[in-house]
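1. The sequence isn't on hand, but the structure is:
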């Protein structure tokens, strides 16, 4: 799903993440994207888009930059200056590549056209033209150290030389100009709101308020530096004083646990917010104001960081410092690092110096290994946002403040691939959102893509992200390289398979630029080792077509529910909740029992290697195909053999899902949809309808007694009772095939009813065993 930003705090905080948020614990399941001109609202969508998000969407936003200027030599830049100027001019003359942003699902809508001048191979053009590119950072230490920082301010992410260049680049780059306008607009809306209210919930601490404060501080500080209007400086200080508990009524406990260090994410995000304000506005604060900000940062933030790293940590503030390769380690180390870098040299307590001797090394051992070797974020696709934001902020802050990332971007080669993971896990309008989706994002975006684009020389990362709705925020203004040209899709393969045994999943599609494209994602992977954010979901899949998600995910459960995060053992209470148990997934259920957490699937796959060209109109060759097969025998009890295959056939217009299973208990094929489902008289065809879009699902060569039926998305009456009630999954239907124990081959053919495609153009594939599948068979 697209990211969610409650920028105006419109969601009431009467649940862990706000009952208005469609992605989290009060959601009624996944969201089915609808595309223009189909503007009806899915019955799953219960809340509107916050006003400030609409501002962002209207600007057709995206992208971010790298952290350093061009590293090319001046001679090379001079040699290619004419060509560089021409290439960038073509890009800038076109403006934003998308012609619109879908106002409901916030995805870019590209024109169906060919522009061979602008839609070219992704490239970082070499130029020294100050109208078109960043200058090189003058700070180039020969022997960088985490405790040796640049002498000028700011230190963090946006040094002075970038602020000096920014106004001219804004005038000459349509993306920077659009983002700048949106940041100003959003800041004006934040200005009209009262300071962020303290709210402590049962499972998520004060993380929502902390991230909202960080979001505001970034915007206020940015606008002040470009306007010198002290109204913004004053408003920033009010927000800081509020979070320090210095305004009437206070803010949280009147002791050093004010920032809730038992849920250290909260402490870290507030530390980052205070670091940004202290550093970016350093020269504008009075001496007393600087002292107040630094005292608050140390008292409620960094001193608790020392406790987290100490051997005397009775309340386990620092559990995340120990073998935690996920978003917690990235976010927490980042907040402490940004805070320490901001006050280093002014801090007479030694706190900053001590922390920097610990956070960098710890992040290198933990945060840096959150992506698997293939780039997949080992928690979930949504937790990628939180983890990579923390990682990118930390690496960028270290780079600009000290001159080095200290291998934070290099120690794990998988980090170079995590941008591809994000691209391929994104469907035409929704993520392959398996497992937990996480809390509200606020200041968390996918703009790490642009930092990674520059660091790894992957311009397609920047080109992909700059068109996304969440790009308009201050990091974009400094992480985006305006000398990037081309189209992210030019030369990009339609398929990618991720083979690390922890994850094992495949992404297959018919186009990168058509919001109505076919998208199929399917997973296997282990069921442990995901920071307790996964589901019991080997064999799970999603299908998008015609601007609609036909089969999808239910998302997070209630993070406050008893036992929800207890552990990932077989008997964990987590697996008693419908959205986490096997019956809540789009896979096979055997004996109405959960999958085996010790699962060790194996996979095989193949692809025709079809790539999209420069045109946004993807003409898929008739022989273009891909498939993914997973041996899931170890994921089940009472099964002697089981493999699932997913095959794109007929020029990527149809999808075949084939299961070959020998089970000693009942077998149930299950897939969740929020379509209206109509069954044929013989039960062998299901017609799914959402709005004006239709897809048919056929059961081919059915075993004796096999037919489609439907069920509500609720637990079986015979299931063990969970500690707390499940969330309702209103409007969700489960398409089901039920059979007794036995040996079966189930062939399910999914046929989106493409406009203009005659019935004779659909194919009924021959029956071919999974062991004999190839790119051309079945077909």
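-> The structure has been received and is ready for your questions. All figures in this text were calculated on a predicted structure; none of them were measured in a lab. Numbering: from 1, shown residues only.
2. From now on I want contacts and neighbour counts done on CA atoms only, so please keep to that.
-> Fine.
3. what about residue 716, distance to residue 735?
-> Using Cα to Cα, to the nearest Å, one gets 15 Å for the distance from residue 716 to residue 735.
4. out of the two, which sits in the more crowded spot?
-> Legend: neighbour count by other Cα atoms under 10 Å for residue 716 and residue 735, higher for residue 735 (23 against 12).
5. low-scoring pLDDT stretches of the stretch 301-450 of the chain, where are they?
-> Along the stretch 301-450 of the chain, no part satisfies pLDDT under 70.
6. Which parts of it are helices?
-> 303-309, 327-343, 351-365, 383-402, 418-425, 448-455 (DSSP state H, counting those that start in this stretch).
7. The longest one versus helix 418-425: what angle between them?
-> Translated: helix 383-402. 150 degrees (axes from the mean of the first three to the mean of the last three Cα atoms, to 10 degrees).
8. Summarise which helices and strands helix 383-402 is packed against.
-> The contact analysis (3 or more Cα pairs under 8 Å, 6 or more residues apart in numbering; DSSP states H and E) places helix 383-402 against helix 327-343, helix 448-455.
9. residues contacting residue 353?
-> Listed by Cα atoms under 8 Å, 6 or more residues apart in numbering, the contact set of residue 353 reads 147, 340, 344.
10. which one of those residues is nearest residue 430?
-> Taking Cα to Cα as the measure, residue 430 lies nearest residue 340 of the contacts of residue 353, at 37.4 Å.
11. Quickly note the distance from the closest residue to the closest one other than its chain neighbours to residue 359.
-> Spatial nearest neighbour of residue 340, excluding adjacent residues (Cα to Cα, 6 or more residues apart in numbering): residue 352 at 4.2 Å. To residue 359, residue 352 is 10 Å away according to Cα to Cα.
12. what does residue 89 give?
-> Distance from residue 89 to residue 359, by Cα to Cα: 43 Å.
13. For the two, indicate the residue with more neighbours.
-> Neighbour count, other Cα under 10 Å: between residue 89 and residue 359, residue 359 has more, with 25 against 18.
14. Quickly note the distance from the more buried one to residue 371.
-> According to Cα to Cα, residue 359 stands 19 Å off from residue 371.
15. Please apply the same query to residue 591.
-> In this view, residue 591 and residue 371 are 34 Å apart by Cα to Cα.
16. what's the answer for residue 775, then?
-> 30 Å.
17. Looking at these two, which one has more neighbours?
-> Between residue 775 and residue 371, counted using other Cα under 10 Å, the more crowded position is residue 371 (25 against 18).
18. Nearest spatial neighbour of the more buried one, chain-adjacent residues omitted?
-> residue 377 (4.3 Å).
19. Count the neighbours of that neighbour for me.
-> Here the count is done by other Cα under 10 Å, and residue 377 has 31 residues near it.
20. what do you get for residue 285?
-> 17.
21. do the same with residue 656
-> Residues contacting residue 656 under the criterion other Cα under 10 Å number 24.
22. Phi, psi for it please.
-> Backbone torsions of residue 656, given as degrees, to the nearest 10, read phi -110, psi 130.
23. what do you get for residue 690?
-> Backbone torsions for residue 690, taken as degrees, to the nearest 10, come to phi -130, psi 120.
24. Residue 678 too?
-> phi -120, psi 130.
25. Tell me how far it lies from residue 730.
-> 18 Å.
26. do the same with residue 603
-> For residue 603, the distance to residue 730 equals 34 Å [Cα to Cα].
27. Give me the more crowded residue out of these two.
-> residue 603 (22 against 15).
28. On the three-state scheme, that one is what?
-> For residue 603, the assignment made with DSSP: H, G, I helix; E, B strand; the rest coil gives strand.
29. what residue ranges in the chain are flagged as low confidence?
-> Applying pLDDT under 70 to the chain picks out residues 1-84, 103-105.
30. 50 instead, please
-> 1-80 (pLDDT under 50).
31. residue with max distance from the center of it?
-> Taking Cα atoms, centre = their mean, the residue of the chain most remote from its mean C-alpha position is residue 704, at 43.3 Å.
32. Assumed that residue was part of a strand.
-> No: going by three-state DSSP, the assignment for residue 704 is coil, not a strand.
33. Could you give the backbone dihedrals for it?
-> The phi/psi pair for residue 704 (degrees, to the nearest 10) is phi -60, psi 130.
34. Roughly how far does it sit from residue 342?
-> When residue 704 is compared with residue 342 (using Cα to Cα), they lie 70 Å apart.
35. Residue 758 too?
-> Taking Cα to Cα as the measure, residue 758 falls 64 Å from residue 342.
36. Comparing these two, which residue is more hemmed in?
-> residue 342 (29 against 9).
37. Report the contact partners of the more buried one.
-> Per Cα under 8 Å, 6+ apart, neighbours of residue 342: 155-156, 275-276, 278-279.
38. and the closest residue to residue 380 other than its chain neighbours, what does it touch?
-> Leaving out its chain neighbours, the residue that sits closest to residue 380 by Cα to Cα, 6+ apart is residue 435, at 6.1 Å. By Cα under 8 Å, 6+ apart, the contact set of residue 435 is 380, 533-535, 555-556, 580.
39. at 6 Å instead, please
-> Residue 435 sits next to 533-535 when contact means Cα atoms under 6 Å, 6 or more residues apart in numbering.
40. Okay, and which of those map to strands?
-> Nothing among those maps onto strands, per DSSP state E.
41. any idea which of those residues is the one closest to residue 480?
-> Of these, the one sitting nearest to residue 480 (Cα to Cα) turns out to be residue 533, at 31.4 Å.
42. pretty sure that closest one is touching residue 436, no?
-> Yes: between residue 533 and residue 436 there is a contact at 5.2 Å, judged by Cα atoms under 6 Å.
43. who has more neighbours, those two?
-> Using other Cα under 10 Å as the criterion, residue 533 and residue 436 rank with residue 436 on top: 27 against 24.
44. Apart from its chain neighbours, what residue comes closest to that one?
-> Nearest non-adjacent residue to residue 436, counting by Cα to Cα, 6+ apart: residue 556, 4.4 Å away.
45. phi, psi of that neighbour?
-> Residue torsions, per degrees, to the nearest 10, at residue 556 are phi -70, psi 150.
46. okay, now it: neighbour count?
-> Using other Cα under 10 Å, residue 556 has 27 neighbouring residues.
47. Okay, it and residue 668: tell me how far apart.
-> 23 Å.
48. So which residues make contact with stretch 588-605?
-> Counting by Cα under 6 Å, 6+ apart, 526-527, 536, 570, 582, 627-632, 634-636, 665-669 sit against stretch 588-605.
49. So which of those residues sit within strands?
-> Mapping those onto strands (DSSP E) picks out 627-631, 667-669.
50. Going through these, which ones are buried?
-> 627-631, 667-669 (16 or more other Cα atoms under 10 Å).
51. does residue 525 really touch residue 503, like I thought?
-> Yes: if you go by Cα under 6 Å, residue 525 and residue 503 touch, sitting 4.2 Å apart.
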